[in-house]
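Q: build me a model:
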Amino acid sequence: MLNTVDFRPVILAGGSGTRFWPRSRRAHAKQVLALDGDRSMLQQTVERLSQMTAPEKIWVITNELLSAEIQSQLEDVPAAQIIEEPVARNTAPACGLAAFLIERENPQAILGIFPSDHVIGDEPRFLKRIEQGIRLAASGDVMVVLGIEPSRPETGYGYIETGEAVRGAESEGALHVRRFMEKPSLHRAEEFLAAGGYYWNSGMFLWSARTLANAVREHMPETAPMLEEIAQSWGTPRFAQTFSNLYPKCENISVDYAILEPRSAKGQHLSGLFCLPSEFGWNDLGSWESLYEFQRDTRLRGDENGNVAETAGVLTIDAENNYIFSPRKHVALVGVSDLVIVETDDAILVAQRSQSQDVGKIVKELTAEGKSELI
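A: Predicted structure coming up:
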């Protein structure tokens, strides 16, 4: 059946990656960096999905600062399908625009929404799960979310509370969704882990173009007409102006808040929301801390004292569990532990690993001080 399904991946690549400052900047953000290997996070995402569909069926939604870099990295993706948002409006308008654009060509096409900057450890298992999700999404008016089996009481992710098993030939292992939950406190996250039936929200969704477009019409009635008008101008001389005029007027809201949460309120047997529990070595690499842990545990780059170094050379004396990035310099550490040290041509970051989620605050401070050359 999968060979007969028109699968259209939509990759969201408009983020600024502020928590990876100073390497990540507005015009060279996290998704176009090679944080894990020689290929950028975005290139790895496209290469994975290209095993399931032709590159000319892939769409990328980004911003004008990153568009040129993305086009240079993704030579096989049509330049016209690398869409530059005139302003950031979160994930709901981006997903909705993709749905209206593709609905005009093939309403039955299955859209896969994918972040551009995640790591997948076990690609065969990932692809198998996506194949199942495509078949499930093609079976009717349903929305499929990939839920990651939690390994710890994580407070940095949203959660999916699941209910009964879904019946049907294409739904093996799928569960009805009861509700979506935002980032919990540590106590609540521990309760979720102990109770079972809760999964991390991966931000990966599968649905037909018509299903998503109709959901936008239902749950975003003020934004939907503007997105439809933009889509209707696609391929015409007035597209750029229409996009520029109308998109900033769209709601600034995530697809979780705008579509999935109100849909789940209909009840698990009426919402058509399905969760596919998954385990394929997923990591969203959301901070220097998570990159450190990933490289130490998965790529085995850490030394005997837990230091992970990407440097011209490193010397450590009584130093433990540090992450160091300084590709052109030798670095010596003496008597320090649990630090992140990142050097670029114009900036140096030194932070406690445990506080690396707060690095984005630096970008806010630099912005407030007008130091645009550093962001």
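
Q: name the nearest residue to the residue of the chain most remote from its centre, sequence neighbours excluded.
A: Most distant from the centre of the chain: residue 317, at 38.0 Å, with distances by C-alpha atoms, centre = their mean. Closest residue in space to residue 317, ignoring its immediate chain neighbours: residue 334 at 4.8 Å, by C-beta to C-beta, 6 or more residues apart in numbering. Placement of C-beta: from N, CA and C, glycine included.

Q: how close does the one you found get to residue 322?
A: Using C-beta to C-beta, to the nearest Å, residue 334 is found at 11 Å from residue 322.

Q: residue 253 now?
A: Taking C-beta to C-beta, one finds residue 253 at 39 Å from residue 322.

Q: the two: who's more crowded?
A: Of the pair residue 253 and residue 322, residue 322 is the one with more neighbours under other C-beta atoms under 10 Å, namely 24 against 17.

Q: returning to that earlier point: I'd say the residue nearest to residue 317 and residue 320 touch.
A: No: contact criterion C-beta atoms under 8 Å: residue 334 and residue 320 do not qualify, at 11.7 Å.

Q: with neighbour numbers in mind, choose between these two.
A: Using other C-beta under 10 Å as the criterion, residue 334 and residue 320 rank with residue 320 on top: 16 against 9.

Q: for that one, give me the backbone phi and psi.
A: Dihedral pair for residue 320: phi -140, psi 140, per degrees, to the nearest 10.

Q: who does it bridge with?
A: residue 337 (DSSP bridges).

Q: which residues in this protein form helices?
A: Under the criterion DSSP state H, the chain contains helices at 41-49, 64-73, 91-105, 123-137, 186-195, 209-219, 224-232, 239-246, 255, 261-264, 288-297, 360-368.

Q: these: which one's closest to residue 24?
A: Nearest to residue 24 among the helices of the chain is helix 360-368 (9.0 Å), distances taken as C-beta to C-beta.

Q: could you list the domains of the protein?
A: Per automatic domain parsing, the structural domains of the chain span 2-283, 290-374.

Q: can you redo these as JSON lines with mean pLDDT?
A: Shown next, in JSON lines, are the domains of the chain (pLDDT from 0 to 100):
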{"stretch": "domain 2-283", "mean pLDDT": "94"}
{"stretch": "domain 290-374", "mean pLDDT": "92"}
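
Q: mean neighbour count, those: which tops it?
A: domain 2-283 (a mean of 19; mean count of other C-beta atoms under 10 Å).

Q: and it, how far from the chain's centre?
A: Computed by C-alpha atoms, centre = their mean, to the nearest Å, the chain-centroid distance of domain 2-283 equals 7 Å.

Q: do the same with stretch 284-301
A: In terms of C-alpha atoms, centre = their mean, the centre of stretch 284-301 is set 17 Å apart from its chain centre.
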